[in-house]
Each structure stands twice: as structure tokens, then as C-alpha cells.
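Student: Can you look at this prediction? I've put the sequence above it.
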Amino acid sequence: MTLDELRSLYHLPLFDLLKRARAVHEKHWPEPEVQLCTLLSIKTGGCSEDCSYCAQSARYDSGVAAERLMPRCDILERAKAARDAGSTRFCMGAAWKGVKAGSSRFDEVLGIVREVADLGMEVCTTLGSLGPDEARALKEAGVTAYNHNIDTSPEHYPNIVSTHSFQDRIDTIRHVQDAGMSVCCGGILGLGETVDDRLRMLEVLASFDPAPESIPINKLMPMPGTPMEGADPVDTFDLVRTIACARIAVPGAKVRLSAGRTALSDEAQALCFFAGANSIFYGDKLLTAANPRTEQDLRLLGKLGLRSAQLEAGAGAAAEPAAVAAAG
């Protein structure tokens, strides 16, 4: 979809926009299901990047200490617990600028991926930038999807990060798709962006070929010590409108209601699900930020008549390799 088309949608009366988004959602996702994903930080803090929203950057006095890679046995214990609690996807994040094939830490991550994949779950990783060799190695080890958010529009991106470019993000996504992994790619609302920046982000996501398998929509959780510490909160209706536009723009993607749910009421989350969200991060913590308790989530889904999605046969197989469209 083009920016002009997205603008026309976004500025519709809210109920008209929701009506359109709901129709698209029911056509492509007719079952009342929500995918439950568990996110674990396997290496926290000490990152050399300067993403202005991130407490894990070594450049900010955020109170997040740099840690070594979590022991394999601890990661597997958490993965098993997530599986037993109903998660179908286990996402592992490491606060690195990127990884390099042949390095000891990358080899260790590959070994962990193989063991998590053997548990029968989808495996997602987010390890920073990847080259083609690293992407192929992750695919061969059993990674189902790679998370690499574009965060915001190409135009606003330099205001948020200076240690890498928007094109660097696109290059990693291309390597992921060429290797045959699915792409989990979305953004963050509340970074000082305009509505057009949010819609431009969706325009870029809609241009990917193949389309993203999942689109996380995060509501900024301002972290102490970061440049975004005092950011204004995101209006709930703006979040709902963005989710609705994402659902219409990329109808076959899972739209994941991600960070920031602790600031949303049950009623606000219900509106997000109605607008087209059909995936959440499930568990008490998202990397370094708080998340609703699993009991709360299950209770809410029960009230709404939604159930957790089951892992489909063959769901671990990624799409055929293809290139991402240009983002310019």
C-alpha cells in the first residue's frame, strides 16, 4: 500500500477504520486465536549501539548491567517452561551489534538454537545485524524467524539511532529472507515520530517480498537513563489505528501487540485484538521491560473468547528464499 492510501485509511472515523480492518482480519484469520510467543534475553546489556530507546545500550546510565551469555541449561529450562505454558514460539534476544560466523559466541548460539528447535517449538532470534553466512547458519540450525525491527520511518530513523543506518536494517532483512527464514519486523510508537512516520513505516513493511510473517507493534516504554526517558505517552487510539492499518496493509501477517501492554487496560487490549492484533509476547518480562503476568493474559483471552493458537504441522518450515523490496 502507498503512503497516500494509508493516510486515507488512518484518518477515517475510527469505527469505519475498525470495520474495514475487522473484515480483512476475518477473511485471513477466521479462527479466534492468538499466538503466544515467549521472549527471553539470553545476553543482556553492554550493547555498543546508541538506540535512544534502549536500556541495554552501554552508552546510557540506565541501571542495566552488562551480562554474559546465559548458560545453555538455563535457556533450555526457560524454553521448556514456555512450551509447557502454551507458547508456540520461543524468541531469544542478545544485546549485540551483530554476530559473525566462526566466532565462539555465535557457535554457542547455534548450539542453543538446535536444542530449542528439538523441543518442537518455533525458534526466533534477534541478534543484531547479519550477513549472508550468518543468516544461512541460523536457518540450518533451526531458526524459524528472525526479528529485526525497522522501528520507524526511513526519514525519522537517523533521529533515533546513529551507529547504523536504516539501510543496514534492510540489508539484514534481505539476508534473512535469502536464507529462507521468515521475517518478524515491526516498529515502536512513541519515538517522537509523526503519524506520517508511522504510516511510512507500514508502507515499507508492506513492500517486502515476501511480506513479513509477523509485525510487532510496540508502545514505547520509556526507560530511565535513555534519551527517550521523558517521551510523551502514546495515545491508545493512535495505537489502535496503527494496528488496524497494519492489518489492512499486510493482511497475511500476524500483528503482534508487543511492548507496552502493562500500560494498557483490558479494554484497550481488547480493542487492539478487534483491530487485528493476533499475537502477543507471553511471559512476565520482555528483555528488560515488564510484561503482564501469564495468568492475566489467559484470563483476558478467556473473557474475550479467544484461544491460544496451536503450532501447525510444518510450521517450522520457512518460506522459499526471496529478496525484500527496496525501502526507499
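Tutor: Yep, that arrived.
Student: what's the burial count for the nearest residue to Cys185 once chain neighbours are set aside?
Tutor: Leaving aside its sequence neighbours, Cys185 sits nearest to Pro212 (CB to CB, 6 or more residues apart in numbering; 4.7 Å). For glycine as for every other residue, the C-beta is placed from the backbone atoms N, C-alpha and C. Neighbourhood size, Pro212 [other CB atoms under 10 Å]: 26.
Student: can you check Leu304 too?
Tutor: 15.
Student: Per-residue confidence, it, what does it come out as?
Tutor: Looking at Leu304, its pLDDT reads 96.
Student: Please, where are all the strands along this structure?
Tutor: With DSSP state E applied, the chain shows strands at 33-43, 89-94, 122-126, 145-147, 182-184, 187-189, 214-219, 254-257, 279-281, 285-286, 289-290, 307-308, listed in chain order.
Student: Give me the helices and strands touching the longest one, please.
Tutor: Using 3 or more CB pairs under 8 Å, 6 or more residues apart in numbering; DSSP states H and E as the contact criterion, the secondary-structure elements in contact with strand 33-43 are helix 72-84, strand 89-94, strand 254-257, strand 279-281, strand 285-286, strand 307-308.
Student: To Gly120, which of those lies closest?
Tutor: Nearest of these to Gly120, taken as CB to CB: helix 72-84 at 7.2 Å.
Student: on contacts alone, who are the packing partners of the closest one?
Tutor: strand 33-43, strand 89-94, helix 104-117.
Student: circling back: wait, isn't the residue nearest to Cys185 in contact with Leu205?
Tutor: Yes - using CB atoms under 8 Å, Pro212 is in contact with Leu205, at 5.7 Å.
Student: who touches both of those two?
Tutor: By CB atoms under 8 Å, 6 or more residues apart in numbering, Pro212 and Leu205 have these common neighbours: Cys185, Gly186, Val250.
Student: Most neighbours out of those residues, which is it?
Tutor: Cys185 leads the shared contacts of Pro212 and Leu205 on contacts (other CB under 10 Å) with 30 neighbours.
Student: pLDDT score for it?
Tutor: Here, the pLDDT recorded for Cys185 equals 97.
Student: I'd say it and Ala145 touch.
Tutor: No - if you go by CB under 8 Å, Cys185 and Ala145 don't touch, sitting 9.5 Å apart.
Student: Which neighbours do the two have in common?
Tutor: Ser214.
Student: quick one, what contacts the residue nearest to the spatial centre of the chain?
Tutor: Nearest to the mean C-alpha position of the chain, by CA atoms, centre = their mean, lies Pro216 at 3.7 Å. Residues near Pro216 by CB under 8 Å, 6+ apart: Asn147, Asn149, Cys184, Cys185, Gly186, Gly187, Arg256, Ser258.
Student: Tell me the one of the residues you listed nearest Ala141?
Tutor: Asn147 (15.8 Å).
Student: quick one, what contacts the closest one?
Tutor: Contacts of Asn147 (CB under 8 Å, 6+ apart): Cys91, Gly93, Cys124, Thr125, Thr126, Cys184, Cys185, Pro216.
Student: Quick check: it vs Cys184, distance?
Tutor: 4 Å (CB to CB, to the nearest Å).
Student: list residues touching both of those two?
Tutor: Cys91, Cys124, Pro216.
Student: Could you point out the bridge partners of the last one in the sheet?
Tutor: This means Pro216. Counting by DSSP bridges, Pro216 forms beta bridges with Arg256.
Student: just the second one next, same as before
Tutor: When bridges are assigned using DSSP bridges, the partners listed for Cys124 are Cys91, Ala145.
Student: how many other residues sit next to it?
Tutor: A count of nearby residues for Cys124, using other CB under 10 Å, gives 25.
Student: residue ranges for the helices of the stretch 151-300 of the chain, please.
Tutor: 166-179, 195-207, 236-249, 266-275, 294-304 (DSSP state H, counting those that start in this stretch).
Student: Show me what counts as buried in stretch 125-134.
Tutor: Counting neighbours by 16 or more other CB atoms under 10 Å, one finds that the buried residues in stretch 125-134 are Thr125, Thr126, Leu127, Gly128, Ser129, Leu130, Glu134.
Student: correct me, but Ala135 touches Val176?
Tutor: Yes - with contact defined as CB under 8 Å, Ala135 counts as touching Val176 (5.3 Å).
Student: Mutual contacts of those two, please.
Tutor: Tyr146.
Student: Phi, psi for Glu229 please.
Tutor: phi -50, psi -40 (degrees, to the nearest 10).
Student: go on, the one 3 residues further on?
Tutor: When quoted as degrees, to the nearest 10, the phi and psi of Asp232 stand at phi -70, psi 140.
Student: so what's it closest to, chain neighbours aside?
Tutor: Gly190 (7.2 Å).
Student: residue contacts, that neighbour?
Tutor: Applying CB under 8 Å, 6+ apart, the residues contacting Gly190 are Lys219, Leu220, Pro222, Met228, Ala231, Asp232, Pro233, Val234, Gly260.
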